[in-house]
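Q: the sequence and its predicted three-dimensional model are supplied below.
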Amino acid sequence: MTPARILATLQEALGHHRAGQLDLAAGKYEQVQKAAPKNFDAIHLAGTVAYQQGNYAKAEKLLSRALSLVPGSAPCALRLGLALLALGQPATAERQIRASLARQRTPEALDALGLVLRALGLTGEALKVWTQAAALQPGSAEIRDHLGALIAALQGFDAALPHFQTAVKLNPDYAIAWCNLGLAQAQTEQIHEAFLSFNRALELDPTLHQARLGCGLAHQKINQIEAAIADYGAVLDVQPVNHEARSSRLLCLNYLDSVSLETLFQEHRRFGEAVESALPLRNTPPDPTRRAPQSSVQAAPRIRLAFLSPDLRAHSVTYFLEPLLRHLDPDQFEVILYHDHPVVDAVSARLRERASIWRNFASQPNAVVETQIRADAPDVLVDLAGHTGFNRLPLFARRLAALQVSYLGYPNTTGLTGMDVRLTDFHADPSGQADTLHTERLVRLPRTAWTYQPPLGAPDVTPPPCASGRAPTFGSFNNAAKISGRTISLWSRVLKAAPDSRLVLKGHGLTDPDFSTHLRTAFASHQIDPDRIDLRGRTSGLDNHLAVYQQIDVALDTFPYHGTTTTCEALWMGRATVTLAGDRHASRVGVSLLTATGHPEWIATDDENYVARAVQLASDPSGLVRIAQQLRHELELSPLMDHAGQARHFGDAIRECFTRQNATGHTGS
């Protein structure tokens, strides 16, 4: 091939490349390389095409070769850095991108550096770099989107929302920005707007699975659980190892009473199998004999006890965790706290005082989190999230501690064979069938699994409204996703049996126009006048939220997924709570809480019993007055608020499990 022909072929390749005809461009670049093996442009641009096609290994090979020919090429170094990042080599990528920046400081190179720094877990530096990039090129939708994504991880979706809005204004055809905007809208209760954004993203790029995942989240928030499950399933059809989609789907399956226990277990095992089969070669597990306890508790070394959770903040999880931390024996346990959320508040500060080590893993890649936890070397690692949002369950398959425990945040098995123990109690998980439907060994605390700390500054208990002659008012402030079809049917039967009664529902998303219409229509299908249903949204301030309990007479639990915090709050505010006992942990939490409080008579055994107990309570105003006067004190005297005793039981269980682990090398039955 003559020099003139080489130049013409290269120009032809560039034309295909600019037109997005990547296969044709790659073929022409290859022709030039065969004729001129040291032609930098052909090799460099062929590497660029390979990167654009997702063939990152080929791109790295070609771009490295091109850079060896022209070491001073800033664009080539930049693209090589991006290929290395895509191959999971962020440290090597950083060297190439910084070299590119040293030669030519461009917004594109700063943007790439931001991606690398975030992958390395250096989020503060990444924020500075993306802020500089946005200032250099304010018209770049991609840079603005990347900046928004990091701000969402560091500061929350409220702060990120304007950046995503700017990104889609700058480039209305940028699918990823529309998807991120939808996520921010869904997380800030703008559900209708979120669906519009996700649909726009999918119109632009039908293969953008994160947008379909976002649709699932939005459907979940407005109680359209079957639709959410379908969305998550659609993602898994094309991405079987999308662990976020699988976890989200599992959480939703707990809301349905139509799913059998065996099916639910098998679905969780599929998650475990997907995670475990996708693992690279495992690191050597921690040595379980490294810190083996001696024969007596007094002689045993302190156990390094770590908790990993996105909820070490003003969140319901801390109502049950903080009293344990406050009363754990410091001579027996050294506490490590791993927070995993951008919000750090006054509650976080209180918890931090209880820990020898506090780390915030918000926005950190799993690899960075794994490295840090291994360096801290906890003996026991407790997961408080399960399959709820922001979980790190795939890391537990990597065996980060000699003993790994699931507790508190999720009402089912994780499905991981590497999760050794799940802490529960005999009421929530009776011995027998439950043991066969967990990959973990169930370890039951003797009285109840929970230790409740009421919010500081809760309003005083007031007499129930019906005491003044009003018609009874029922209420439920549970997560709206828990309002299943069977729950609506039960509540409708209660309202029919108490003809002048009303129902107050309070929770996130309940004031969304589409959701409120959906709920009222569901009640109307049971011949309940929609005007009898009072829907309340979020309330500013926890004290204001708790004060709404003063407006109801009797609290009604959901089914099959019971409330936990909401039940404790209702009891603390002096309101009797009726629950329906089911056949799984999610539908037996109320059994545990009410038994611990000393009110098993509020536990129904079937639908008819549920309706009868609710109506009986509501028809006895003087009885409800007595309950309101006594219930808070009864709760204070119950195991739920015996914080020292519950912490002792918790600590004993952890030490027993750790001792068993050291003795046998495993905790399985």
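A: That came through, no problem. Residues are numbered from 1 along each chain as shown.

Q: ends of stretch 552-568, how far apart?
A: 15 Å (C-alpha to C-alpha, to the nearest Å).

Q: which residues of the protein score low on pLDDT?
A: In the predicted model, the chain carries pLDDT under 70 at residues 280-299, 665-669.

Q: which stretches of it form strands?
A: Using DSSP state E, the strands of the chain run over 303-309, 333-339, 357-360, 380-383, 403-406, 421-425, 441-445, 473-476, 502-506, 533-536, 554-556, 577-580, 603-604.

Q: for Leu325, find the nearest of those strands.
A: Closest of these to Leu325 is strand 333-339, at 6.2 Å (criterion: C-beta to C-beta). Heads up, the C-betas are built off the backbone N, CA and C, glycines and all.

Q: run the angle between the closest one and strand 303-309 for me.
A: Going by axes from the mean of the first three to the mean of the last three C-alpha atoms, to 10 degrees, strand 333-339 is angled at 20 degrees with respect to strand 303-309.

Q: show me the contact partners of strand 333-339.
A: If you take C-beta atoms under 8 Å, 6 or more residues apart in numbering as the criterion, strand 333-339 is touched by 302-310, 312-313, 325, 328, 348, 351-352, 354-362, 369, 373, 376, 378, 651, 654.

Q: can you list the buried residues in that strand?
A: 333-339 (16 or more other C-beta atoms under 10 Å).

Q: next one: stretch 209-227
A: By 16+ other C-beta under 10 Å, the buried positions in stretch 209-227 come out as 209-225, 227.

Q: which of those residues fall in helices?
A: When those are checked against helices (DSSP state H), the matches are 209-221, 225, 227.

Q: of the residues you listed, closest to His427?
A: Of all these, Ile225 has the smallest distance to His427: 26.0 Å, by C-beta to C-beta.

Q: contact partners for that closest one?
A: 219, 252, 255-256, 481, 484.

Q: okay, and which of those map to helices?
A: Within the contacts of Ile225, residues falling in helices by DSSP H are 219, 252.

Q: just the buried ones from the contacts of Ile225?
A: 219, 252, 255-256, 481, 484.

Q: can you pull the contacts of the most centrally placed residue in the chain?
A: Centrality entry for the chain: nearest residue to the mean C-alpha point is Gly389, 0.8 Å, by C-alpha atoms, centre = their mean. The contact partners of Gly389, by C-beta under 8 Å, 6+ apart, come to 248, 310.

Q: show me where the stretch 251-400 of the chain has helices.
A: For the stretch 251-400 of the chain, the helices defined by DSSP state H, counting those that start in this stretch occupy 261-277, 316-327, 346-352, 366-376, 393-396.

Q: which strands or helices does the shortest one pack on?
A: Right, helix 393-396. helix 243-253, helix 261-277, helix 366-376, strand 380-383 (3 or more C-beta pairs under 8 Å, 6 or more residues apart in numbering; DSSP states H and E).

Q: list of residues touching it?
A: Counting by C-beta under 8 Å, 6+ apart, 243, 247, 271, 275, 366, 369-370, 373, 381, 383, 385-387, 404, 414, 416, 418-419 sit against helix 393-396.

Q: so who does Thr605 touch?
A: 580-581.

Q: domain parsing of the chain, as residue ranges.
A: Domain assignment for the chain, taken from automatic domain parsing, gives 1-123, 139-253, 303-451, 465-641.

Q: how about those domains in a markdown table, adding distance to Glu262?
A: As requested, the domains of the chain are exported to a markdown table (distance: least, C-beta to C-beta, whole Å):
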| stretch | distance to Glu262 |
| --- | --- |
| domain 1-123 | 38 |
| domain 139-253 | 12 |
| domain 303-451 | 7 |
| domain 465-641 | 11 |
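
Q: wait, which of these is closest to Ser260?
A: Between the domains of the chain, domain 465-641 lies closest to Ser260; by C-beta to C-beta that is 9.4 Å.

Q: now that closest one, how far from the centre of its chain.
A: Computed by C-alpha atoms, centre = their mean, to the nearest Å, the chain-centroid distance of domain 465-641 equals 26 Å.

Q: what do you get for stretch 13-22?
A: With C-alpha atoms, centre = their mean as the basis, stretch 13-22 stands 42 Å off its chain's centre.

Q: identify the residues contacting it?
A: 24-25, 27-29, 32, 42, 45, 48-49, 52-53.

Q: put the buried members of those into a ChimeraX selection.
A: Buried members of the contacts of stretch 13-22, defined by 16+ other C-beta under 10 Å, are picked up in ChimeraX with:
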select :24,25,28,29,32,42,45,48,49
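
Q: tell me the one of the contacts of stretch 13-22 nearest Thr123?
A: Nearest member of these to Thr123, counting by C-beta to C-beta, is Gln52, at 27.5 Å.

Q: in stretch 377-391, what's buried?
A: 378-388, 391.

Q: nearest to Glu634, of those?
A: Lowest distance from Glu634 to these (C-beta to C-beta) belongs to Leu384, with 27.6 Å.

Q: what residues are up against that closest one?
A: Leu384 sits in contact with 307-309, 311, 317, 321, 407-409, where contact means C-beta under 8 Å, 6+ apart.

Q: ok, the closest residue to it other than its chain neighbours to Asp534 distance?
A: Sequence neighbours aside, Ser309 is the residue nearest to Leu384 in space, at 3.7 Å (criterion: C-beta to C-beta, 6 or more residues apart in numbering). According to C-beta to C-beta, to the nearest Å, Ser309 and Asp534 sit 34 Å apart.

Q: neighbour-wise, which of these two wins?
A: Ser309 (27 against 15; other C-beta atoms under 10 Å).

Q: quick check: buried residues in stretch 118-127?
A: Buried-residue list, stretch 118-127, by 16+ other C-beta under 10 Å: 118-123, 126-127.

Q: got CSV for those residues, with distance to Leu67 too?
A: Below are the buried residues of stretch 118-127 laid out as CSV (distance: C-beta to C-beta, whole Å):
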residue, distance to Leu67
Arg118, 24
Ala119, 21
Leu120, 22
Gly121, 27
Leu122, 24
Thr123, 29
Ala126, 25
Leu127, 29
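
Q: okay, and which of these map to helices?
A: Mapping the buried residues of stretch 118-127 onto helices (DSSP H) picks out 118-119, 123, 126-127.

Q: from those residues, which two are the most distant?
A: Going by C-beta to C-beta, the pair spanning those furthest: Ala119 and Leu127, at 14.0 Å.

Q: returning to what we had before: closest one to Asp512 out of the buried residues of stretch 377-391, please.
A: For the buried residues of stretch 377-391, the nearest to Asp512 is Thr388 (21.2 Å; C-beta to C-beta).

Q: if I pick that closest one, what's in contact with it?
A: Going by C-beta under 8 Å, 6+ apart, Thr388 touches 247, 251, 310, 409-410.

Q: perfect, that will be all.
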